[in-house]
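Enquirer: Return a 3D structure for these sequence lines:
(chains A and B)
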There are 2 protein chains.
Amino acid sequence: MKKFINNPANVVVESMEGLELAHPDLVKAFYSPNYMVRKDAPVMGKVAIVSGGGSGHEPMHTGYIGRGMLDAACPGEIFTSPTPDQIYEAAKKVHSGAGVLLIVKNYTGDVMNFDMAADLLKADGIEVEQVLIDDDVAVQDSLYTAGRRGVGATILAEKITGAAAETGMGLKELADLCRQVNANARSMGVALTPCTVPAVGKPSFDLPDDEYELGIGIHGEPGRQQLKMEPADRIVERMMEPVLEDLPFKADDEVLLFVNGMGGTPILELYIVYRKAYEIATRKGLKVSRNLVGTYMTSLDMAGASVTLLKVEGRMREFWDAPVQTAGLRWGI
Amino acid sequence: MKKFINNPANVVVESMEGLELAHPDLVKAFYSPNYMVRKDAPVMGKVAIVSGGGSGHEPMHTGYIGRGMLDAACPGEIFTSPTPDQIYEAAKKVHSGAGVLLIVKNYTGDVMNFDMAADLLKADGIEVEQVLIDDDVAVQDSLYTAGRRGVGATILAEKITGAAAETGMGLKELADLCRQVNANARSMGVALTPCTVPAVGKPSFDLPDDEYELGIGIHGEPGRQQLKMEPADRIVERMMEPVLEDLPFKADDEVLLFVNGMGGTPILELYIVYRKAYEIATRKGLKVSRNLVGTYMTSLDMAGASVTLLKVEGRMREFWDAPVQTAGLRWGI
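Expert: Below you'll find the predicted structure:
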């Protein structure tokens, strides 16, 4: 294993420390339990948006804390759900009286622990809404999940609801918007290489030198099948076809097309993926009005990519375009 | 070789196509010869800033085209200098009458071809200044270079001079500022893995499973030595020490600290690198007033990182903070 780490046990805390040192104007870190909040939290009158999940997916979620996106994020250990007390303490810290929206990726541990945190918050008299993200069309049930996994739509949901919250939107309406983003989004990913969890020290699964995994999960969970390596355009077709069929997306739908790198794939290749994904979407008659191309939700050092299509409706485009100032996503400020 | 590519011969053009499809508001692509320009070029009254170099370092340089940074970029084939006609055509396209600044990384082929392009431009009566970037302290001469190699300072120089050009700064003053940025910057990188050039199909050099290369070049050129794998903090010490000694940086210097990922290293690890680099810089008494942490100058899929320290003087901080709107770097707009 060759990584920039010291003790595998300290990876999460040291990376949090680095993030705060680099962005002291944006974030503040707390430890034991570990969480990070907006520097200016709590923001009075605004619904507090809290997310979290296992570490190893950076910049998600700590990199999305800031104006126009998250109020707090709770990083668990690598590929491990945050504990209820992390979520509870983070939400308490950023709650300003307007309620808390918890955005939860659909993994069994996350669902359970966010549920427990929500109960604790409600017991304190805090109004809470939870929204589950489950946009991955690859498989129905999986290693850590009953139902579909939550992947790329998480970032779109956090950006769009984050902007909406800045306008003063109330908790119920915000939760409905978040559910609508999830309902309108579909994703699929592939891995060219496995990833290596620092504490384990060896690749998380076997992938022969001439094969890739179609439908990979963000923790290296098995997908649909291992296939012989193919040209980029063919791989993109295999991701886009099930995504397009699933909603289903229809001619004249306005969409946001998100091409995501898994951590070990350079931007040169992501634009080759975007080129083909855009061609497939427009050939089907979709109107790609917005996009995102880059390394936004990773699986440690995995080489791979995912595509997410979001059907843009209502005020989603306005909220997407709104200013955001986080370590991982920034424009308009 | 497992990459998102189709025909290795088409990697550069297909990635350019993807970049233009994703950012039609920012860039416009031209082919045969290949170059990309600002969508709104030429910008009247502004010095045109043109850079370029071999491909495989994305987002550099095409990802830095836009308001507040480059007017044009010329991507050569992978790890291959752009040809004089690429540079000449790009500069002609963006020149608005206020002159052209060519920012050139110090590699023998780049220097020669930018020189020839400058001669062609001057023959057309266009005022041209060239600035050579050579900030890499690792080695004196190298595989493709007489003297020091140009690495991370390139991005800092492009951002700072790009912002200065937007204010209407004249060509000579702009070239002096660019030279000052280069003179004030020092860098060093390490590789944990080699990279694989698509047309070659196998790793560019040998690096045993338990070793890393200290002082790597951005094309996999040999550095100072191969060392047994060490904790991140020790690797960062080995990069920072020669950087600090070289200028030399002194207590109370204001600096910008740039931690760059080489393409295959996730952001989780880059923040662990930043944490230690920041600690070393501040322990020496430097005032880290600005930073940049992310994947900004890559070597294809290489796992690795580099650190760049820039002594911030004069108006550099103001120009760094100024708005920039490119695919690879964006704030304030």
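
Enquirer: How about stretch A:152-166 and chain B, any contact?
Expert: No - no part of stretch A:152-166 sits near chain B under the criterion C-beta under 8 Å from any C-beta of the partner chain; the closest distance found is 13.7 Å. From N, CA and C alone the C-beta is placed, and that goes for glycine too.

Enquirer: burial of residue A:210, as a residue count?
Expert: 10 (other C-beta atoms under 10 Å in any protein chain shown).

Enquirer: and the closest residue to it other than its chain neighbours, what does it touch?
Expert: Spatial nearest neighbour of residue A:210, chain neighbours left out: residue A:229 (5.2 Å); criterion: C-beta to C-beta, 6 or more residues apart in numbering or on different chains. Shown in contact with residue A:229 (C-beta atoms under 8 Å, 6 or more residues apart in numbering or on different chains): A:192, A:210-212, B:2.

Enquirer: what does residue A:203 give?
Expert: A:193-196.

Enquirer: Which ones, among those, also lie beside chain B?
Expert: Counting by C-beta under 8 Å from any C-beta, residue A:193 from the contacts of residue A:203 sit close to chain B.

Enquirer: Could you pick out the buried ones from the contacts of residue A:203?
Expert: For the contacts of residue A:203, a burial check counting by 16 or more other C-beta atoms under 10 Å in any protein chain shown picks out A:193-196.

Enquirer: I'd like those residues as CSV, with pLDDT and secondary structure appended.
Expert: Putting the buried ones among the contacts of residue A:203 into CSV (pLDDT from 0 to 100; DSSP: H, G, I helix; E, B strand; the rest coil) gives the following:
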residue, pLDDT, secondary structure
A:193, 95, coil
A:194, 94, coil
A:195, 95, coil
A:196, 94, strand
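
Enquirer: What is the nearest of those residues to chain B?
Expert: Nearest to chain B among those, counting by C-beta to the nearest C-beta, is residue A:193 at 6.7 Å.

Enquirer: Secondary structure element holding residue A:277?
Expert: Here residue A:277 sits within helix A:267-283, counting by DSSP states H and E.

Enquirer: Now that helix: buried residues?
Expert: Applying 16+ other C-beta under 10 Å to helix A:267-283 flags A:267-281 as buried.

Enquirer: same thing with stretch A:198-206?
Expert: Of the residues in stretch A:198-206, those buried (16+ other C-beta under 10 Å) are A:198, A:203-204.

Enquirer: and what of stretch A:79-89?
Expert: In stretch A:79-89, the ones that count as buried by 16+ other C-beta under 10 Å are A:79-89.

Enquirer: now do stretch A:245-256
Expert: Across stretch A:245-256, burial judged by 16+ other C-beta under 10 Å covers A:247, A:249, A:253, A:255-256.

Enquirer: wait, which of the residues you listed is closest to chain B?
Expert: Distances from chain B to the buried residues of stretch A:245-256, taken as C-beta to the nearest C-beta, are shortest for residue A:256 (11.6 Å).

Enquirer: what's near enough to touch that closest one?
Expert: A:156, A:288-292, A:309-310, A:312, A:316, A:320.

Enquirer: how much space between it and residue A:308?
Expert: 8 Å (C-beta to C-beta, to the nearest Å).

Enquirer: Near chain B, which residues of the stretch 201-333 of chain A are found?
Expert: Counting by C-beta under 8 Å from any C-beta, the stretch 201-333 of chain A sits next to chain B at A:209-210, A:212, A:229, A:231-233, A:235-236, A:263-275, A:278, A:291, A:293, A:295, A:298, A:300-301, A:303, A:305, A:327-328, A:330-333.

Enquirer: and those residues, which of them are in helices?
Expert: A:232-233, A:235-236, A:267-275, A:278 (DSSP state H).

Enquirer: ok, how many other residues are close to residue A:146?
Expert: Around residue A:146 there are 12 residues (other C-beta under 10 Å).

Enquirer: hang on, isn't it packed against residue A:109?
Expert: No - Residue A:146 lies out of contact with residue A:109 (C-beta atoms under 8 Å); the separation is 11.3 Å.

Enquirer: Name every strand pairing with the strand or helix carrying residue A:289 and say which way it goes.
Expert: Assessed by DSSP H and E, residue A:289 sits inside strand A:287-294. Sheet partners assigned to strand A:287-294 using DSSP bridges are listed as strand A:254-261 (parallel).

Enquirer: so which helix or strand takes in the closest residue to residue A:160 other than its chain neighbours?
Expert: Nearest non-adjacent residue to residue A:160, counting by C-beta to C-beta, 6+ apart: residue A:319, 4.4 Å away. Element membership of residue A:319, judged by DSSP H and E, is helix A:316-321.

Enquirer: other SSEs contacting that helix?
Expert: helix A:153-166, helix A:171-183, strand A:254-261, strand A:287-294 (3 or more C-beta pairs under 8 Å, 6 or more residues apart in numbering or on different chains; DSSP states H and E).

Enquirer: Can you say which of these is packed in most?
Expert: Highest mean neighbour count among those (mean count of other C-beta atoms under 10 Å in any protein chain shown): helix A:153-166, with a mean of 27.

Enquirer: Also compute the angle for that helix relative to strand A:254-261, please.
Expert: 120 degrees (axes from the mean of the first three to the mean of the last three C-alpha atoms, to 10 degrees).

Enquirer: What angle do helix A:171-183 and helix A:153-166 make with each other?
Expert: Using the same axes, to 10 degrees: helix A:153-166 against helix A:171-183 is 150 degrees.

Enquirer: What mean pLDDT does helix A:153-166 get?
Expert: The pLDDT scores in helix A:153-166 average 98.

Enquirer: on that earlier part again, let's have the ones in helices among the residues of the stretch 201-333 of chain A next to chain B in CSV, adding pLDDT.
Expert: CSV is the format used below for those (pLDDT from 0 to 100):
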residue, pLDDT
A:232, 98
A:233, 98
A:235, 98
A:236, 98
A:267, 96
A:268, 97
A:269, 97
A:270, 98
A:271, 98
A:272, 98
A:273, 98
A:274, 98
A:275, 98
A:278, 98
